[in-house]
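Trainee: The following block contains a protein sequence and its predicted model.
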Amino acid sequence: MAKNQFRMLRSALIGVEAVEAETHHSFARHTHEQFGIGLMSAGAQSSLSGRGMVEAEAGDIITVNPNEVHDGAPIGQRRSWRILYFDPAIVTGLAHEIGEGGAGRSEIPHPVIRNRAIAGRFETLFRAATGAAADGLLCEELLLQLVADVMRERGGAEQRPPVPASIRAARELIDDDPLAAVSLADLSRESGLSRFQVLRGFAKATGLTPHAYLVQARIHIARRLIAQGMPLAEAAFASGFADQSHMTRVFVRKYGLSPRLYAGGFL
């Protein structure tokens, strides 16, 4: 694979996206709607996670939770990884089952896991899910085992602190309608805080300013619309961007590839 290349692979698992990447790109702070479980295959990177700064190298499992702010920069010239992105309902449902009726975790506790057995299980699942003739039962077994692995993995990572109720109220105002125009005054009224307090508190609790959070919510909408086949200019308008070029700039910063390449289909 050439440098700075991303490949979207066809996945046999419904609600799961498979990606291969090799890049020197440094990602700005962003979020995903999905759970991500991946494997560093070469090189190393440092990244902000919901539990602080971490480093991952070849052979390490990397994870991200939905709406967890993170970034990523290579340590050295480049790094490569393979990753599966899961619709949240898949992982939360499996975690509920693993926890036997509700005791399971709602988040993957560790952003980096060094465990050869888990890495081997991920490799097997990735190959099975993206192969020409995927075995449904095998994929189902491997997926359940992998989620159990990453949810149960122990270590010293700290849990993310709870978001204050005032900031949750402000965040929900954006979540309820990401296409609506919103001001700091709106967020102030909703949260019961001053504009400065809500700006400072939002950034501290979520890792993003309210504006950056709103842009992330809109690019999530754009990605879904593009995946459904909507033309790029229409997707930009429908997701609240000023124009296609604005959407493209945000998309590339977040995903590392252009909307046009993403829309080009899966290999």
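Mentor: All right, it came through fine.
Trainee: Quick check: residue 179 is in a helix.
Mentor: No. Going by DSSP: H, G, I helix; E, B strand; the rest coil, the assignment for residue 179 is coil, not a helix.
Trainee: How many residues are close by the residue nearest to it when sequence neighbours are not counted?
Mentor: Leaving aside its chain neighbours, residue 179 sits nearest to residue 240 (4.5 Å; criterion: CB to CB, 6 or more residues apart in numbering). Any C-beta I mention is one placed from the backbone N, CA and C, and that applies to glycine too. Neighbours of residue 240 under the rule other CB atoms under 10 Å: 20.
Trainee: Show me which positions of the strand or helix carrying residue 260 end up buried.
Mentor: Element membership for residue 260 (DSSP states H and E) is helix 259-263. Residues 259, 261, 262 are the ones in helix 259-263 that count as buried (16 or more other CB atoms under 10 Å).
Trainee: Among those, which one sits closest to residue 19?
Mentor: residue 262 (10.4 Å; CB to CB).
Trainee: my read: the closest one touches residue 8, true?
Mentor: Yes. Counting by CB atoms under 8 Å, residue 262 touches residue 8, with 6.8 Å between them.
Trainee: Verify the contact between residue 254 and residue 220 for me.
Mentor: No. Judged on CB under 8 Å, residue 254 makes no contact with residue 220 at a distance of 9.1 Å.
Trainee: and residue 240, what does it touch?
Mentor: 178, 179, 218, 221 (CB atoms under 8 Å, 6 or more residues apart in numbering).
Trainee: tell me what the helix holding residue 260 is packed against?
Mentor: Other elements packing on helix 259-263 under the criterion 3 or more CB pairs under 8 Å, 6 or more residues apart in numbering; DSSP states H and E are helix 210-227, helix 232-238, helix 244-255.
Trainee: Out of those, flag the one nearest residue 37.
Mentor: With distances scored as CB to CB, the stretch of the helices and strands packed on helix 259-263 nearest to residue 37 is helix 244-255 (17.2 Å).
Trainee: Buried residues in that closest one, which are they?
Mentor: Here helix 244-255 shows 244, 247, 248, 250, 251, 253, 254, 255 as buried, counting by 16+ other CB under 10 Å.
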